[in-house]
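Novice: pasting the sequence and the predicted coordinates here, then a few questions.
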Amino acid sequence: MPHLTAVLSRAEIHKKIKALGNRISEDYGGQEIVIVGVLKGAFIFLADLVRELRIPVQIDFVQLASYGSGTSSAGHVAISKELELDIACRHVLVVEDIADSGLTIAYLLDYLKRFRPASVKVCVFINKTERRQVDVLLDYVGHTVKNGFLVGYGLDYNGSYRALPGLYHLKV
Ligand code: 5GP
Ligand code: MG
């Protein structure tokens with residue numbers, strides 16, 4: 001029977017996202033950005049974050065299939081849903097649920113560069129540090145943890161737990 005331990009409450013998450021929204025709004029100084037959300041995990045984080053921004057935004061999504069199983073990704077990443085907006089010469093902010101090995105974000109940055117954006121920055125809800133394999137620059141981080149498998153607030157385990165309003169550590 002899976003066991004959940006609370007990591008962040010809904011209220012704590014809200015405070016962190018407000019702070020992120022403020023920083024991002026200040027940094028871009030009124031310029032419009034294109035937010036590229038990574039499905040599915042980032043959908044709740046993205047929905048909350050964009051409503052804390054005071055700059056104009058357009059929103060698009062990509063989906064990545066990373067072929068691994070269980071609680072870790074094996075490092076093979078492929079695009080399963082392509083970008084639809086034209087990001088050439090535009091400021092792009094990638095919004096992802098969690099950076100673990102870093103392979104997914106590294107792959108995505110590579111993919112996005114092909115479309116010649118003016119800039120690309122990365123915002124993750126969770127920075128999980130212990131298993132990092134590639135050194136990716138995370139411009140905005142909501143919360144940092146060392147290890148463990150997290151669920152809730154968009155993050156799933158085999159498709160479940162995404163709708164939990166808080167963030168939890170899962171022990172199978
Ligand atoms: P990376 O490529 O950085 O190793 O992993 C990125 C992807 O692995 C995330 O987008 C997420 O889908 C999945 N992942 C990594 N750690 C966790 C975790 O603690 N919980 C959940 N639910 N997914 C994770
Ligand atoms: Mg993901």
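Specialist: Nice, I can see it. Ligands and ions are numbered 1, 2, ... in the order given.
Novice: and the lengthiest helix in the chain, C-alpha only, in PDB?
Specialist: When the chain is parsed with DSSP state H, its longest helix is helix 10-28. Coordinates of the C-alpha atoms in helix 10-28 are reproduced here as PDB (Å, rounded to 0.1, in the frame of the first residue of the first chain):
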ATOM      1  CA  ARG A  10      -1.500  24.000  -0.600                       C
ATOM      2  CA  ALA A  11      -0.900  27.300   1.300                       C
ATOM      3  CA  GLU A  12       2.900  26.800   1.200                       C
ATOM      4  CA  ILE A  13       2.800  26.100  -2.500                       C
ATOM      5  CA  HIS A  14       0.700  29.200  -3.100                       C
ATOM      6  CA  LYS A  15       3.300  31.400  -1.300                       C
ATOM      7  CA  LYS A  16       6.200  30.000  -3.400                       C
ATOM      8  CA  ILE A  17       4.300  30.500  -6.600                       C
ATOM      9  CA  LYS A  18       3.400  34.100  -5.700                       C
ATOM     10  CA  ALA A  19       7.100  34.700  -5.100                       C
ATOM     11  CA  LEU A  20       8.100  33.100  -8.400                       C
ATOM     12  CA  GLY A  21       5.500  35.100 -10.300                       C
ATOM     13  CA  ASN A  22       6.800  38.300  -8.800                       C
ATOM     14  CA  ARG A  23      10.400  37.500  -9.800                       C
ATOM     15  CA  ILE A  24       9.500  36.500 -13.300                       C
ATOM     16  CA  SER A  25       7.400  39.600 -13.800                       C
ATOM     17  CA  GLU A  26      10.200  41.800 -12.600                       C
ATOM     18  CA  ASP A  27      12.800  40.100 -14.700                       C
ATOM     19  CA  TYR A  28      11.000  40.400 -17.900                       C
END
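Novice: give the residue spans of this structure that score low on pLDDT.
Specialist: 67-75 (pLDDT under 70).
Novice: packing partners of the longest strand along it?
Specialist: Using DSSP state E, we find that the single longest strand of the chain is strand 57-69. Contacts of strand 57-69 with other secondary structure elements, assessed using 3 or more CB pairs under 8 Å, 6 or more residues apart in numbering; DSSP states H and E, are made with strand 33-39, helix 43-50, strand 72-81, helix 103-113. For glycine as for every other residue, the C-beta is placed from the backbone atoms N, C-alpha and C.
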